[in-house]
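Q: From the sequence below, what's the structure:
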Amino acid sequence: DLHAWLRLERGRVPDGSATAKALNYSLNAWGALTQNLLDGDVNVDNNHCENLIRPWAQGRRAWLFAGSELAGQRAAVVMSLVQSAKLHGHDPWAYLKDVLTRLPMHLNSRIDELLPHNWRPA
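A: Residues are numbered from 1 along each chain as shown. I've put the predicted structure just below:
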């Protein structure tokens with residue numbers, strides 16, 4: 001019923017209006033919007049992902065003042081490692097402490113052992 005109503009209303013509003021754009025968005029994304037009706041494993045919303053990236057989105061403006069482009073790149077690497085460690089069930093502080101302690105003596109050829117998805121505490 002909602003899909004039929006959206007199509008009907010779309011025919012009643014002028015092209016280019018904000019309402020037309022909203023209706024077009026819903027109609028064009030109808031398959032994705034209703035996927036959870038066909039598969040119960042599909043979430044109705046993406047709140048979980050939104051909550052994971054919120055701190056990074058909020059900090060974006062502050063990071064403009066990282067000091068330099070290189071400092072910003074280094075911060076991005078550290079943030080990526082922290083989030084990857086969290087996603088793999090590791091305590092980020094324990095992960096970074098262990099990796100930074102082992103790194104000076106670790107062989108470059110085995111550096112992948114220290115990545116969050118391969119890491120095992122020393």
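
Q: Tell me which helix or strand comes right after the helix or strand of the chain with the lowest mean pLDDT.
A: Across the helices and strands of the chain, mean pLDDT, DSSP states H and E gives its lowest value to helix 47-59, namely a mean of 79. For helix 47-59, the following helix or strand on the C-terminal side (DSSP states H and E) is helix 69-87.

Q: Leaving out sequence neighbours, find the closest residue to residue 95.
A: Nearest non-adjacent residue to residue 95, counting by C-beta to C-beta, 6 or more residues apart in numbering: residue 85, 4.2 Å away. Yep, even glycine has a C-beta here, placed from its N, CA and C like the rest.

Q: my read: that neighbour touches residue 115, true?
A: No. If you go by C-beta atoms under 8 Å, residue 85 and residue 115 don't touch, sitting 9.5 Å apart.

Q: Give the residue from those two that has the larger number of neighbours.
A: More crowded of residue 85 and residue 115, by other C-beta atoms under 10 Å: residue 85, with 21 against 13.

Q: Correct me if wrong: residue 102 contacts residue 122.
A: Yes. In this structure, residue 102 is within contact of residue 122 by C-beta under 8 Å, at 5.9 Å.

Q: Determine which member of those two has the greater number of neighbouring residues.
A: residue 102 (14 against 7).

Q: List the contacts of the more buried one.
A: 114, 122 (C-beta atoms under 8 Å, 6 or more residues apart in numbering).

Q: Where does it sit: helix, strand or coil?
A: At residue 102 the chain is in helix, as set by DSSP: H, G, I helix; E, B strand; the rest coil.
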